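Trainee: Need coordinates for the following:
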Amino acid sequence: MKIVILDAETLTINNDMDFSIFDEYGEVTIYQSTKDSEVAERIKDADIVLCNKSPMNRENLSGAKKLKYIGLFATGYNNIDLDYTRAHKITVCNAGNYSTEAVAQHVFAFILHYYNTITKYDEFVKQDGWIHTNKFSPFMEMKELFGKTIGIIGYGSIGKKVAQIAVAFGMNVMACSRSTEIKKIGNIQFTDIDTILSVSDIVTIHCPLNKDSEKMCNQEFFNKMKRDSLFINTSRGGVVNEEDLVSALNGNVIGYAALDVIDQEPMIQDCPLLKAKNIVITPHAAWAPIETRTRLMEIVSKNLKKWLAGTPINVIE
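Mentor: Predicted coordinates:
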């Protein structure tokens, strides 16, 4: 079996991931990165393609006549033309739930960054602010998480983990989920999006990007939020209308935003978010702790092994 890995560098820092885990399955060719224009040529003789974000569209796939399997180093699969893969009986498997703990941790890193103003304190001290004051405790405005309301839009594995952590902080937890008609589970109150927006101090997005969620976080959405609220997105950049978010921040419609994902990645030079105040952005890194990436490699390897054995798992139908 000819196995092609298209974008290995998206998974590594200083080559800290061992791709020899796939050698037992066939002849492996590893490309550190692949331009969109290079995909078709590189996969044309492949039986198996493993990739993270390389576009598996009709144009790229049509010449890969031997291709039987696409394994994703990711949970999301919006880079795959599923109509084509279904029609040509190409199995597609993703790595669901590998990043649950890491992304939930990142959400609370954002929250604590905002509520505890760590960066501002660090800058104050390092600029000799504490040296040149007569106050033993020159504090800035901070907030407690205890008693605050967090609204979770999307209640899959990551949303559930965020809720679990929020309960440990003593927060009020509200959630919106299509998969449950139950109004309350334990400490989690389920309700509609409008209610969540109107009462939450923090709104965090954990839904997939699809035709229903695309650009749902728009002007109307932000206008329903509390004026001092924190908006967090660690799901997909496409769920946010970025111009509307910039307007909401600069117009004091909402208090602060924290994003790990944006509409176009890598960020382009004229990204509208760079014009916003009261925003922190990380470069789609919530999933990337060493333990998380190691788990990801193991899941992708297991997916491939199960498919080869005729008992596939994590198949995108």
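Trainee: packing partners for the helix or strand that contains Val173?
Mentor: Take DSSP states H and E as the rule and Val173 turns out to sit in strand 172-176. If contacts are counted by 3 or more CB pairs under 8 Å, 6 or more residues apart in numbering; DSSP states H and E, strand 172-176 sits against strand 149-153, helix 157-168, strand 188-190, helix 193-199. (C-beta placed from N, C-alpha, C; glycine too.)
Trainee: what are the ranges of the strands in the stretch 101-250 of the chain?
Mentor: 149-153, 172-176, 184-185, 188-190, 202-205, 230-233 (DSSP state E, counting those that start in this stretch).
Trainee: Show me what the shortest one is in contact with.
Mentor: Surrounding strand 184-185, the residues in contact under the criterion CB atoms under 8 Å, 6 or more residues apart in numbering are Phe190.
Trainee: how many neighbours does Val125 have?
Mentor: 12 (other CB atoms under 10 Å).
Trainee: still on that earlier bit, can I get the strand holding Val173 as CSV, trimmed to CA atoms?
Mentor: Provided in CSV are the C-alpha atoms of strand 172-176 (Å, rounded to 0.1, in the frame of the first residue of the first chain):
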residue,chain,number,x,y,z
ASN,A,172,-23.8,28.9,36.4
VAL,A,173,-23.8,26.9,33.2
MET,A,174,-26.2,27.2,30.4
ALA,A,175,-26.0,25.2,27.2
CYS,A,176,-27.7,24.9,23.8
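Trainee: Pick the most buried one from the helices and strands packed on strand 172-176.
Mentor: strand 149-153 (a mean of 25; mean count of other CB atoms under 10 Å).
Trainee: ok so, going back, starting at the chain centroid, how far to the strand holding Val173?
Mentor: 20 Å (CA atoms, centre = their mean, to the nearest Å).
Trainee: related to what we said a few turns ago, right, and the helices and strands packed on strand 172-176 - which one's nearest Leu308?
Mentor: Leu308 lies closest, by CB to CB, to one member of these: helix 157-168, at 26.3 Å.
Trainee: helices and strands around the closest one, which ones?
Mentor: helix 100-116, strand 149-153, strand 172-176.
Trainee: hang on, the earlier thing: let me have the helices and strands packed on strand 172-176 in CSV, extended by mean pLDDT and distance to His113.
Mentor: Shown next, in CSV, are those (pLDDT from 0 to 100; distance: least, CB to CB, whole Å):
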stretch, mean pLDDT, distance to His113
strand 149-153, 98, 15
helix 157-168, 97, 15
strand 188-190, 96, 24
helix 193-199, 97, 22
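Trainee: Other residues contacting the lengthiest helix in the chain?
Mentor: Longest helix of the chain, by residue count under DSSP state H: helix 290-308. Under the contact criterion CB under 8 Å, 6+ apart, helix 290-308 has outside partners 1, 11-13, 16-19, 21-22, 25, 48, 50, 69, 71-73, 91, 93, 95, 98-99, 101-102, 287, 312-314.
Trainee: Could you pull up the residues touching Phe22?
Mentor: Ile3, Ile5, Val28, Leu50, Ser301, Leu304.
Trainee: between the residues you listed, which is closest to Gly237?
Mentor: Nearest to Gly237 among the contacts of Phe22, with distances taken as CB to CB, is Leu50, at 23.7 Å.
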